[in-house]
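Trainee: here is the input, now give the coordinates:
(chains A and B)
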Amino acid sequence: MNVKGKVHKFGDNVDTDVIIPARYLNTASHKELATHCMEDIDKEFVNKVQEGDIMVATKNFGCGSSREHAPIAIKASGISCVIASSFARIFYRNAINIGLPILECPEAAEAIESGDTVSVDFNTGVITDETTGKTFQGEPFPEFIQNIIEKGGLINSIK
Amino acid sequence: MGMTMSQKILAAHAGLSSVKAGQLIEAKLDLVLGNDVTTPVAINVFEENNATSVFDNTKIAMIMDHFTPNKDIKAATLVKQVRNFADKYDIKNYRDVGQMGIEHALLPEMGLVGPGCLCIGADSHTCTYGALGAFSTGVGSTDMCAGMISGKAWFKVPSAIKFNLIGKPQGYVSGKDVILHIIGKIGVDGALYKSMEFTGEGVQYLNIDDRLCIANMAIEAGAKNGIFPVDDVTREYCTGRYQGTPVEYTADDDAVYDEEYTIDLSKIRPTVSFPHLPENTKTVDEIGETEVKIDQVVIGSCTNGRISDLRAAAEILKGRTLAKNVRCIIIPGTQNIWKQAMHEGLFDIFIDAGAIVSTPTCGPCLGGHMGILAAGEKAISTTNRNFVGRMGHVDSEVYLASPAVAAASAVTGYITNPEKL
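Mentor: Below is the predicted model:
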């Protein structure tokens, strides 16, 4: 599987409260959650984001609450992949469980800039910044997690 | 190679004689928890996948606490969805207004968690129960759903950081100051993916509420879980309360830790986390008397809504009144804590001081309801997160502190060292 898109870049410790503020957690509608994605850190994000775009951030992305609404909002906003230096652990689990592709790669997370066009090959873990021509090797998933993804998410994998 | 306490509990529930850090395992669960925000998402996944039964209707807890009593029509609709599901599948531990409490104050009180049990909860502060010697960790709604169906969850066995606690806390220093001090030292990702194992002779000086508060905030250092050894304090709390069979695990003498810290509890000072991360800590000695003017005080939450927290606040507020234009919202964690505080006369003290007492709810902690901040307002709060916009407007600020520091600040209108009152 490959994705290619324009980058929206964020910094360290992007928490789930800014990804989807709790005042919007009175709904479980994916579409509605997407309309408030990143609102408290970048009000314009929902207007700028295009289907297939890529989110890049540095360390501890998704820290805080266990709300699955956070990866749901990101996925439903059109983002095809999140690349970060590191992820908070509950966000990491949630992203895998709902089928939002994520990759840990500190070098890529530092070097890639907002607005760059980036492509990702999930089979090899190779991240290419097509704007600068640089390539990076992302951390591939362990086999156990690859199995969850191949079966289409956690629930299908336990059936 | 020896195992940590956390690794031993995981091994036992996976049916393995030993596990090591990094290993991926599947383990049997003793309890699966969700709340009014996360359970509806789990139910949607359950129904989309045509599931027809739960693994054990006595081992699932659904606690309606975040937006209850329902703050608006949407929140009421979510709770109704959970209530209908709980009725359909005869979920024994469904708790709504009247029997509910803040989940992590309520579950230990109900005896649903205890020494040696393995619990997942679709709430990040599920790590609270490590205070009782359980392995307990926060997950998302899809994990909750899978747990409800199968009674199992997958885990990557964590490595651990050991915190050797020595000495006895002095004066107003509580569990909250201990955990804020530690997060200030290691940072909000200082224990990412790892266990925080607390041990040492200092543990005996921490009461059960202190330990629940410390384990509660392990997630704020990025940890998978926080855990305390089982001792007489734990046994006394769990006896006659815990519905399961307690199993006491201890770390092996040759257990391997990624890092070890010695924390001298006698040297810790009352500590405050400044916006917008729990790691931005200062001791009260480093804060000027009129440095931070506050508009609101919140005393409650799964971190500090227990009886000893309310007593600590009452000790400060007794015979005093709030500063002009300061709102003080006090939220007992459960109905039982509420009744106990009432019988002890704490409510008279709070109300005479000018504070209000709310029914149990997570409410303002996550900016849900019952105390939302306007632009430019500042709150000192005994809750657990001070992220941007956490308690309301994106331009408001939250300062995290203990009940004693929060109450002292309510009296002066500025962040205040309770020793100086």
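Trainee: for the closest residue to residue B:243 other than its chain neighbours, give me its contacts.
Mentor: Closest residue in space to residue B:243, ignoring its immediate chain neighbours: residue B:111 at 4.5 Å, by Cβ to Cβ, 6 or more residues apart in numbering or on different chains. Just so you know, the C-beta spots here come from the backbone N, C-alpha and C atoms, and that holds for glycine as well. Contacts for residue B:111 (Cβ atoms under 8 Å, 6 or more residues apart in numbering or on different chains) come out as B:238, B:241-244.
Trainee: for those, could you give me JSON lines that also reports neighbour count?
Mentor: Putting the contacts of residue B:111 into JSON lines (neighbours: other Cβ atoms under 10 Å in any protein chain shown) gives the following:
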{"residue": "B:238", "neighbour count": "21"}
{"residue": "B:241", "neighbour count": "14"}
{"residue": "B:242", "neighbour count": "22"}
{"residue": "B:243", "neighbour count": "13"}
{"residue": "B:244", "neighbour count": "17"}
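Trainee: and those residues, which is closest to residue A:90?
Mentor: Nearest to residue A:90 among these, counting by Cβ to Cβ, is residue B:244 at 24.9 Å.
Trainee: just checking, next helix/strand downstream of the helix or strand bottoming out on mean pLDDT in chain A?
Mentor: For chain A, counting by mean pLDDT, DSSP states H and E, helix A:143-150 ranks last in confidence among helices and strands (a mean of 77). Moving toward the C-terminus from helix A:143-150, the next helix or strand (DSSP states H and E) is helix A:154-158.
Trainee: mind listing what's buried in the least confident helix or strand of chain A?
Mentor: A:145, A:148-149 (16 or more other Cβ atoms under 10 Å in any protein chain shown).
Trainee: check stretch A:114-134 too.
Mentor: In terms of neighbour count (16+ other Cβ under 10 Å), stretch A:114-134 has its buried residues at A:116-120, A:122, A:125-129.
Trainee: and stretch B:267-275, what's its mean pLDDT?
Mentor: The average pLDDT within stretch B:267-275 is 98.
Trainee: likewise stretch B:376-389?
Mentor: Average pLDDT, stretch B:376-389: 98.
Trainee: hmm, residue B:78 is touching residue A:26, no?
Mentor: Yes. In this structure, residue B:78 is within contact of residue A:26 by Cβ atoms under 8 Å, at 6.5 Å.
Trainee: pLDDT value on the residue of chain B positioned farthest from its centre, please?
Mentor: Farthest-out residue of chain B from its mean C-alpha position, per Cα atoms, centre = their mean: residue B:50, at 33.5 Å. With respect to pLDDT, residue B:50 has a value of 95.
Trainee: looks to me like it is in a helix.
Mentor: No. Under DSSP: H, G, I helix; E, B strand; the rest coil, residue B:50 falls outside any helix and is assigned coil.
Trainee: how much space separates it from residue A:97?
Mentor: 18 Å (Cβ to Cβ, to the nearest Å).
Trainee: do residue A:43 as well
Mentor: For residue A:43, the distance to residue A:97 - Cβ to Cβ - is 29 Å.
Trainee: which one of these two is surrounded by more residues?
Mentor: residue A:97 (25 against 10; other Cβ atoms under 10 Å in any protein chain shown).
Trainee: list the contacts for that one?
Mentor: Residue A:97 neighbours (Cβ under 8 Å, 6+ apart): A:68, A:148, A:153-154, B:140, B:142-143, B:146.
Trainee: need the three-state assignment for it.
Mentor: On the basis of three-state DSSP, residue A:97 is classed as helix.
Trainee: could you give the mean pLDDT of the longest strand along chain A?
Mentor: Criterion DSSP state E: the longest strand present in chain A is strand A:2-9. Here strand A:2-9 scores 95 as its mean pLDDT.
Trainee: got any residues that touch both of residue B:78 and residue A:26?
Mentor: Contacts common to residue B:78 and residue A:26, judged by Cβ under 8 Å, 6+ apart, are residue B:67.
Trainee: and the stretch 151-300 of chain B, which of its residues are near chain A?
Mentor: Proximity of the stretch 151-300 of chain B to chain A (Cβ under 8 Å from any Cβ of the partner chain) is limited to residues B:152, B:154, B:188-189, B:192-193, B:219, B:222, B:224, B:277.
Trainee: how about a markdown table for those residues, with neighbour count added?
Mentor: Below are these laid out as a markdown table (neighbours: other Cβ under 10 Å):
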| residue | neighbour count |
| --- | --- |
| B:152 | 19 |
| B:154 | 18 |
| B:188 | 26 |
| B:189 | 21 |
| B:192 | 21 |
| B:193 | 18 |
| B:219 | 32 |
| B:222 | 26 |
| B:224 | 27 |
| B:277 | 23 |
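Trainee: residue A:114 is in contact with residue A:129, correct?
Mentor: No. In this structure residue A:129 lies outside contact range of residue A:114 using Cβ under 8 Å: 11.9 Å.
Trainee: report the contact partners of residue A:74.
Mentor: Going by Cβ under 8 Å, 6+ apart, residue A:74 touches A:19, A:37, A:55, A:82, A:100.
Trainee: can you redo these as a markdown table with neighbour count and distance to residue B:297?
Mentor: As requested, the contacts of residue A:74 are arranged in a markdown table below (neighbours: other Cβ atoms under 10 Å in any protein chain shown; distance: Cβ to Cβ, whole Å):
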| residue | neighbour count | distance to residue B:297 |
| --- | --- | --- |
| A:19 | 29 | 28 |
| A:37 | 26 | 32 |
| A:55 | 26 | 37 |
| A:82 | 26 | 37 |
| A:100 | 20 | 38 |
